[in-house]
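Engineer: Fold the following.
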Amino acid sequence: MAALRVKMLGSALLGLLAAIVVVSMIAPPLRVPAPGPRPAPVEEPAAPPIAESEPDPVVSRSRGQSEWAFFFRAGDTLSRMKDGTLLGEVLRLERQHRFPDGSTGPAYVVRSPDQSERVFDADELERRARIEAIRDAWVPPTRRPDAATTR
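Structural biologist: I've put the predicted structure just below:
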């Protein structure tokens, strides 16, 4: 029974291949138009130069929030994504911090390399910083320490 199915499948594929060959020989060839002269480029009016200034401040999504899922943890060493400048180590997380503009929200307290403490809005820091090192990471060994070596 299996041999019959293989023969039927083979003959169907052979018939399909023959049909493709016949159609490709009968069909007229595709004609690609020859490239003609290109139109002259249209000069667009020059756009006014864009002033090099600070980008518009992004509205913080964390300000005013009472529940915020912090991305960084205490002990993480952070650097700025834009240029890799070391920001420092996260000392603590604050659920409600009063910022100089009068708003409150979650914040990170970071100790910079010069040992000063700075407070960052949680959303702003999470958008602009990355983790350089994790202090409390534990990676399990791949084998037991007393296992025999195989080399």
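Engineer: C-alpha only now, for contacts and for neighbours.
Structural biologist: Noted.
Engineer: residue boundaries of the strands in the protein?
Structural biologist: 77-80, 86-98, 104-111, 117-121, 129-133 (DSSP state E).
Engineer: now the angle between strand 104-111 and the second one, please.
Structural biologist: The one in question is strand 86-98. Per axes from the mean of the first three to the mean of the last three C-alpha atoms, to 10 degrees, the angle that strand 86-98 makes with strand 104-111 is 150 degrees.
Engineer: now the angle from strand 86-98 to strand 129-133?
Structural biologist: Using the same axes, to 10 degrees: strand 86-98 against strand 129-133 is 120 degrees.
Engineer: which other helices and strands contact strand 86-98?
Structural biologist: strand 77-80, strand 104-111 (3 or more C-alpha pairs under 8 Å, 6 or more residues apart in numbering; DSSP states H and E).
Engineer: can you list the strands of the chain in a markdown table and add distance to Ala40, mean neighbour count and mean pLDDT?
Structural biologist: A markdown table is the format used below for the strands of the chain (distance: least, C-alpha to C-alpha, whole Å; neighbours: other C-alpha atoms under 10 Å; pLDDT from 0 to 100):
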| stretch | distance to Ala40 | mean neighbour count | mean pLDDT |
| --- | --- | --- | --- |
| strand 77-80 | 47 | 21 | 89 |
| strand 86-98 | 52 | 19 | 89 |
| strand 104-111 | 58 | 22 | 90 |
| strand 117-121 | 53 | 17 | 90 |
| strand 129-133 | 48 | 17 | 83 |
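Engineer: Quick check: Arg128 touching Asp83?
Structural biologist: No: using C-alpha atoms under 8 Å, Arg128 makes no contact with Asp83, being 10.2 Å away.
Engineer: Among the two, which residue is more densely surrounded?
Structural biologist: Arg128 (12 against 7; other C-alpha atoms under 10 Å).
Engineer: residues contacting that one?
Structural biologist: 80-82 (C-alpha atoms under 8 Å, 6 or more residues apart in numbering).
Engineer: low-confidence ranges in this protein?
Structural biologist: 42-61, 64-65, 134-151 (pLDDT under 70).
Engineer: nearest to Phe99, of the contacts of Arg128?
Structural biologist: Arg80 (21.1 Å; C-alpha to C-alpha).
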